[in-house]
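S.K.: generate coordinates for the sequence data below:
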Amino acid sequence: MPKASSESGGLDPLVWKITTVAVLGSFLSQLDATVVNVSLSSLAVDLHSSLTAIQWVTSGYLLALALMLPLNGWLVELIGAKFLYLWCFSAFTLSSALCGLSWSANSLIAFRILQGMSGGLMAPMAQMMMARAAGKHMARIIGYAAVPVMMGPILGPVIAGAILQHASWRWLFLVNLPVGVLAIVLAVLFLPNDREQTRSRELDLPGFALLSPGLVLFLYGSDHLGERIGLTALLVSIVLLALFFRMAIRKGDRALIDLQLFKSRTFSASATTQFMSNGISFAGQMLIPIYLIRACGRSPSATGWLLAPLGLGMICSYPWMGALTQRFGIRKVSAGGALLAFAGTLPFLYLASHGLVFAVLAGTLFLRGVGLSAVGIPSISAAYASVRKQDLPTATTSLNIVQRLGGPTLTTLCATFLGWRLGTAQSSASLSSAFTAAFLLLCGLHAFLFATALRLPLSLDKETEQPLVDRTLPCLQVADSTSRQ
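M.R.: Numbers count the residues shown, from 1 in each chain. Below is the predicted model of the structure:
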């Protein structure tokens, strides 16, 4: 059995091997989504399809992902994380090949739906495998792991542009094959066998029939809120999710998602923080580009470059999150990050009312990126540390659902508010006023995020509910020097 390093902060090498496998999956998923998103217009031309129809290459993938996501926890408990990850990654790689062999827009959409189904099961696996391996060192592991994952959206447009310029669009998908094969081989070699930890649990079919369609309709309705069908889908989704919530409370731990996890103060505070953090991030990614394009007259390509400091702030700060969390604790780092993100959003009130200043924009975006990265990592580490090892699969599924609901919920709120204000704008002054009001709403959401971060525990050692020994794999040992703070 490999032993942990005697140096401070040392971790069993197996932890880093498991993290490498998990990161490869997340990186490939992010890269694939970005490459496809920026290539939709080219795909529409090459496949002789309308942009409205080819949009389902992206929408179909996301909806299929949401449909399968609730099954993740049940399947991990049934067949084990390693077997499920191998199956999902193999299916993802195979469906990538099928996408590259598509003969029409409809066939491409169908294969992307298959890819989304495997991706929906694979999406929470990275977090869960790292949580099992790292235990209380989750903040440190995610801090390093997030950097290569974030490179996916940055490299995506570059790779897509090079492929579309020098090769067939089919290589947008076929490029996944070598990375997928490598990830499968590494998973076979590095992931620990956890079949002995599996337990048979009856599938909550009524819960699945309510939750999965509810999530799909919620995402679809949020994306089409301006249309009658979108509003109808959103209302139906709320009814389905409410029925699931009522049924899950009655069933307890026999439900598809064990809502009793949210009775834990730490888990509920972490989940709320994740919801707000993810939602604010997506809402900002919607509001800021619209402001730069519509109010400032910048082109979409120029807007992309102007937003670069946001990602740069995240990449620069992520590797330090583990050390900062270990030194200052969960609450101080996460609440401090929320305060930084709030400070990085306030200047948009000035920019919206006085005009664009490039130095101010770059500085505030960088500060906002640093702040948002400091919120998420400590809070998700606290969530995983607060549950027992056997509850990690359903906890992972629950957190991923909460995170995915946060994005469309707060984005829809901000988009609806901005649309209402823009609808009454009759002059450049009223246009400026509309964006000032929208950014004021975003600042209010940031203030609420700060309040939720203050409910997080001070540190993992003192305030989480479960003993640390129950949260790590038996075969993984961490250095004693870092387990005492």
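S.K.: quick one: average pLDDT of the helix or strand Pro206 falls within?
M.R.: Per DSSP states H and E, Pro206 falls inside helix 205-223. For helix 205-223, mean pLDDT is 87.
S.K.: can you report how many residues lie near the residue lying closest to Thr273 once chain neighbours are set aside?
M.R.: The spatial neighbour of Thr273 that comes closest, neighbours along the chain excluded (Cβ to Cβ, 6 or more residues apart in numbering), is Ser379 at 4.2 Å. C-beta: built from backbone N, CA, C; applies to glycine. Counted with other Cβ atoms under 10 Å, residues neighbouring Ser379 total 32.
S.K.: and Ser379, that one's in a helix?
M.R.: Yes: judged by DSSP: H, G, I helix; E, B strand; the rest coil, Ser379 forms part of a helix.
S.K.: verify the contact between it and Leu449 for me.
M.R.: No: using Cβ atoms under 8 Å as the test, Ser379 is too far from Leu449 to be in contact (10.0 Å).
S.K.: ok, Val402 to Leu310 distance?
M.R.: Val402 sits 23 Å away from Leu310, going by Cβ to Cβ, to the nearest Å.
S.K.: ugh, wrong one, I meant Ala209
M.R.: Going from Ala209 to Leu310 by Cβ to Cβ gives 39 Å.
S.K.: return the residues in contact with Ala271.
M.R.: 262, 383, 398-399, 402 (Cβ atoms under 8 Å, 6 or more residues apart in numbering).
S.K.: which helices and strands does the helix holding Pro206 pack with?
M.R.: Contacts defined by 3 or more Cβ pairs under 8 Å, 6 or more residues apart in numbering; DSSP states H and E place helix 205-223 against helix 56-68, helix 228-251, helix 392-423.
S.K.: what's the spacing between the last one and its chain's center?
M.R.: Right, the one you point to is helix 392-423. Centre-to-centre, helix 392-423 and its host chain are 11 Å apart (Cα atoms, centre = their mean, to the nearest Å).
S.K.: quick check: buried residues in it?
M.R.: 392-415, 417-418, 421-422 (16 or more other Cβ atoms under 10 Å).
S.K.: ok so, going back, which neighbours do Ser379 and Leu449 share?
M.R.: Common neighbours of Ser379 and Leu449, counting by Cβ under 8 Å, 6+ apart, are 273, 277.
S.K.: tell me which element the nearest residue to Ile377 once chain neighbours are set aside is part of?
M.R.: Once flanking residues are discounted, Ile377 sits nearest to Met321: 4.3 Å by Cβ to Cβ, 6+ apart. Remark: Met321 resides in helix 321-328, with elements defined by DSSP H and E.
S.K.: what do you get for Thr345?
M.R.: Following DSSP H and E, one finds Thr345 outside all helices and strands.
S.K.: from memory it sits against Leu441, does it?
M.R.: No: using Cβ under 8 Å as the test, Thr345 is too far from Leu441 to be in contact (10.5 Å).
S.K.: who has more neighbours out of these two?
M.R.: Remark: of Thr345 and Leu441, Thr345 carries more neighbours, 26 against 17, as counted by other Cβ under 10 Å.
S.K.: which residues touch the more buried one?
M.R.: Listed by Cβ under 8 Å, 6+ apart, the contact set of Thr345 reads 284, 364, 368, 439, 442-443, 446.
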